[in-house]
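Undergrad: Need coordinates for the below:
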Amino acid sequence: MLLAASWDSLIQLLGVLLIFVFVLLITYLVTRWIGGFQKMQMTGRSLQVIDTVQIAAGKYIQILKIGDVYLVVAVGKDTVTMLAKLTEDEIGLTEEQIRGGARPTVFSGDVKESFQETLNRMRGRFSGKQD
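TA: The predicted model follows:
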């Protein structure tokens, strides 16, 4: 009697484990399918996210490529603000690198101006005057 109860418990445990593994497998396959579907939906569009940097909780700076234009935008919880337009030279990536998913680096190549000069140039861009 005790042996039969042990076998029933073991069979129930194996059944629950089998169902659990099956649910995990289905979840994995559906997640991959949805990811592939979304990737296909984004292919061929003229908007591409080049890089994203989180600067605070829920706040990001992104570089977007829209057609042939590169935009730097600040993304918050409820707002999106354009910060600057960039050229391909300012981005520092070739078209092949962008298609391949390479990320821009801040210090690619030789540093030709000091941080203070860069800051003054950016201030002039936003205030409309050079210091």
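
Undergrad: Just want the most central residue of the protein.
TA: Centroid-nearest residue in the chain, with C-alpha atoms, centre = their mean: residue 52, separated by 5.9 Å.

Undergrad: Report pLDDT for that residue.
TA: Each residue has a pLDDT score; the one for residue 52 is 86.

Undergrad: which residues does it form a beta bridge with?
TA: residue 62 (DSSP bridges).

Undergrad: In this model residue 72 seems to touch it, though I could be wrong.
TA: No: contact status for residue 52 versus residue 72: not in contact, 11.1 Å apart, counting by C-beta atoms under 8 Å. Every residue, glycine included, has its C-beta placed from N, CA and C.

Undergrad: worst-scoring helix or strand of this structure, pLDDT-wise?
TA: Least confident helix or strand, the chain: helix 95-99 with a mean of 60, by mean pLDDT, DSSP states H and E.

Undergrad: Can you classify residue 77 as helix, strand or coil?
TA: Using DSSP: H, G, I helix; E, B strand; the rest coil, the three-state assignment for residue 77 comes out as coil.

Undergrad: What of residue 22?
TA: Going by three-state DSSP: residue 22 is helix.

Undergrad: Spell out the residue ranges of the strands in this protein.
TA: Assigned by DSSP state E, the strands in the chain fall at 47-56, 59-66, 69-75, 80-86.

Undergrad: Residue 39: which of the ones you listed is closest?
TA: Evaluated with C-beta to C-beta, those place strand 47-56 nearest to residue 39, the distance being 12.5 Å.

Undergrad: Any buried residues in the closest one, and which?
TA: Neighbour-count burial for strand 47-56 flags 50, 51 (criterion: 16 or more other C-beta atoms under 10 Å).

Undergrad: just checking, what packs against it?
TA: Using 3 or more C-beta pairs under 8 Å, 6 or more residues apart in numbering; DSSP states H and E, the elements in contact with strand 47-56 are strand 59-66.
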